[in-house]
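S.K.: Let me see the structure of the following:
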Amino acid sequence: QVQLVESGGGLVQAGGSVRLACAASGRTERSYTVGWFRQAPGNEREFVASSSGTGSITRYADSVKGRFTISRDHAKNTVYLQMNGLKPEDTAVYYCAASSGSSYIARYKEDDYDYWGQGAQVTVSS
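M.R.: Below you'll find the predicted structure:
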């Protein structure tokens, strides 16, 4: 079992930046593929970004490419999502997730992820 806890959300003005952190605990002896997803009110949860176990492969949704960066600190068992150039449409609850499947792939499908954090609210004001 892996437990994930997000932190770093909050209220920010359009054009601003926020960094989310996803701290893993439990069975962290291996590196998992980790993804970030988000869900805005009235919308389905959608893929944002993911990182392979080593961090050498990353993947981004088109809507965030060039603005968001996923990175990881293996020593701290933490994955980050740096969000720059935020827009009001980025407002959502952001979830991190870990996949128990192959860690060589930066997965984007929600069904590929087994462990989920509780979510962190990010609100971008115009």
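
S.K.: From here on, just use CA atoms for contacts and neighbour counts.
M.R.: Fine.

S.K.: and the nearest residue in space to Ser7 that is not next to it in sequence, how many neighbours does it have?
M.R.: Nearest residue to Ser7 in three dimensions, chain neighbours excluded: Ala21, at 5.2 Å (C-alpha to C-alpha, 6 or more residues apart in numbering). Here the number of neighbours of Ala21 (other C-alpha atoms under 10 Å) works out to 22.

S.K.: Asn43 versus Ala21, what's the distance?
M.R.: Distance, Ala21 to Asn43, by C-alpha to C-alpha, to the nearest Å: 23 Å.

S.K.: quick check, Cys22 in a strand?
M.R.: Yes: Cys22: assigned to a strand according to DSSP: H, G, I helix; E, B strand; the rest coil.

S.K.: before we move on, the earlier item: could you give the bridge partners of the residue nearest to Ser7?
M.R.: Ser7, Tyr80 (DSSP bridges).

S.K.: ok, it touching Val79?
M.R.: Yes: using C-alpha atoms under 8 Å, Ala21 makes contact with Val79 at a distance of 5.8 Å.

S.K.: all strands for this structure, in order.
M.R.: Under the criterion DSSP state E, strands of the chain are mapped to 2-7, 10-13, 18-26, 33-39, 46-51, 58-60, 68-73, 78-83, 92-99, 115-116, 120-125.

S.K.: Which other helices and strands does the shortest one contact?
M.R.: Looking back up the chat, that one is strand 115-116. strand 2-7, strand 92-99 (3 or more C-alpha pairs under 8 Å, 6 or more residues apart in numbering; DSSP states H and E).

S.K.: let's see 7 Å
M.R.: strand 92-99 (3 or more C-alpha pairs under 7 Å, 6 or more residues apart in numbering; DSSP states H and E).

S.K.: Flag every buried residue along the strand it packs on.
M.R.: By 16 or more other C-alpha atoms under 10 Å, the buried positions in strand 92-99 come out as Ala92, Val93, Tyr94, Tyr95, Cys96, Ala97, Ala98, Ser99.

S.K.: Kindly reformat these as TSV containing pLDDT and distance to Arg72.
M.R.: Listed next are the buried residues of strand 92-99 as TSV, based on pLDDT from 0 to 100; distance: C-alpha to C-alpha, whole Å:
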residue	pLDDT	distance to Arg72
Ala92	98	22
Val93	98	20
Tyr94	98	17
Tyr95	98	15
Cys96	97	12
Ala97	97	13
Ala98	96	13
Ser99	94	15
